[in-house]
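Trainee: Dropping a prediction and its sequence here:
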Amino acid sequence: MVTTRDLEIETGRGPMPAYCAVPTAPPPWPGVVVVHDFSGMGHDLRAQVDWLASEGFLSVAPDLYHWGSRLGCLRTIMRDIGQRQGPTFDDIEAARQWLRSQPGCTGTVGVIGFCMGGGYALALAEGHGFDAASVNYGGCPGDAEEWLRDACPIVGSYGDADHSPLGGAAGRRLGRLLTDLEVPHDVKVYGGVRHGFMNDPAPEDQTVLLRLLARISGMAYDDEATQDARRRIVAFFDRHLRDDGPPALPPDR
């Protein structure tokens, strides 16, 4: 079993709650920031953090709703991702720096996100200090080719039966762009798989609003696709955060 704990990370807006999981393997470990989806810091998000720690990555998930109401925070979160800067990015940067400051961390840090968080993982792939990004049904913005040229390596997973702007068509476009831009990548679109296929939220975390959004988006967990995507993500992170990653740098990078 990995070691887990709730903690607080200092930000410009005060202490930010976060959830951390520490690998059982001896240090040093690469780090991974896990960016939550619309549902926030539920059991499913914590399970994602635990999974990454079980694979040997020191992992932390910041609570991006820490400073206000969920709807108020969401307005800021969605505005910031469109601009690719703002206080949400500052909060995620605080989590990245917290990881890099931990005695057991190598200083090499990746980012992973799901749905809304997947959109952030893609936006963070260029110019934000991450060494690899995992984008899970996070779309592909219309202007992505303008800023992805210098992106870190990206592994992406999408559902072909996800007909939202975050789904299969976006995944195929992302794969083409990364190929054209010669960015190291592994993007896979899973046939017959719907939106949110890697998320399996607990019933107690499902508010009326979240159930409504899940119904609208057609969200459906798919275990077979999840296990394959997890295998690919771990292999990709091993390659770019561990085996072929850059040398460790001091925490003030």
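Mentor: Thanks, I have the structure now. Quantities reported herein were computed from a predicted structural model and do not represent experimental measurements. Numbers count the residues shown, from 1 in each chain.

Trainee: in the protein, which spans are strands?
Mentor: Secondary structure of the chain (DSSP state E): strands at 3-11, 14-22, 29-35, 58-62, 105-114, 132-136, 154-159, 185-190.

Trainee: could you point out where the stretch 101-250 of the chain is predicted with low confidence?
Mentor: Within the stretch 101-250 of the chain, the ranges that satisfy pLDDT under 70 run 202-203, 205-214, 216-217, 243-250.

Trainee: So what's the residue count around R230?
Mentor: 17 (other C-beta atoms under 10 Å). Bear in mind the C-beta positions are built from the backbone N, C-alpha and C, glycine included.

Trainee: which residues touch it?
Mentor: Shown in contact with R230 (C-beta atoms under 8 Å, 6 or more residues apart in numbering): W51, M198.

Trainee: how near is it to E8?
Mentor: The gap separating R230 from E8 is 29 Å, by C-beta to C-beta, to the nearest Å.

Trainee: Likewise for G142?
Mentor: Using C-beta to C-beta, G142 is found at 37 Å from E8.

Trainee: So the two - more neighbours on which side?
Mentor: Between G142 and E8, E8 has the larger neighbour count (other C-beta under 10 Å), namely 14 against 9.

Trainee: who touches that one in this structure?
Mentor: If you count contacts by C-beta under 8 Å, 6+ apart, E8 has them with P15, M16, P17, A18.

Trainee: Dig out what it forms beta bridges with.
Mentor: Note on E8: beta-bridge partners by DSSP bridges are P17.

Trainee: before we move on, the earlier item: from the strands of the chain, which stretch is densest packed?
Mentor: Comparing the strands of the chain by mean neighbour count (mean count of other C-beta atoms under 10 Å), strand 132-136 comes out on top with a mean of 30.

Trainee: gap between that strand and the chain center?
Mentor: Relative to the chain's own centre, strand 132-136 is displaced by 6 Å; criterion: C-alpha atoms, centre = their mean, to the nearest Å.

Trainee: What strands flank that strand, and is each parallel or antiparallel?
Mentor: Strand 132-136 is paired, per DSSP bridges, with strand 105-114 (parallel), strand 154-159 (parallel).

Trainee: Residues touching the shortest one, excluding its own?
Mentor: Outside of strand 154-159, the residues that reach it under the criterion C-beta under 8 Å, 6+ apart are 122, 125, 132-138, 166-168, 170-172, 174-175, 178, 183-190, 193-195, 197-198, 222, 225, 229, 232-233, 236-237.

Trainee: Pull the distance from it to the chain's centre.
Mentor: Relative to the mean C-alpha coordinate of its chain, strand 154-159 is positioned 11 Å out (C-alpha atoms, centre = their mean).

Trainee: quick one, it and strand 185-190 angle?
Mentor: In terms of direction (axes from the mean of the first three to the mean of the last three C-alpha atoms, to 10 degrees), strand 154-159 departs from strand 185-190 by 10 degrees.

Trainee: how about the strands paired with strand 132-136 in CSV, adding distance to T88?
Mentor: Converted to CSV, those look like this (distance: least, C-beta to C-beta, whole Å):
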stretch, distance to T88
strand 105-114, 12
strand 154-159, 20
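
Trainee: if we can go back for a sec, would you list the buried entries among the contacts of strand 154-159?
Mentor: The neighbour count (16 or more other C-beta atoms under 10 Å) marks 122, 125, 132-138, 166-168, 170-171, 174-175, 178, 183, 185-190, 193-195, 197-198, 222, 225, 229, 232-233, 236-237 as buried among the contacts of strand 154-159.
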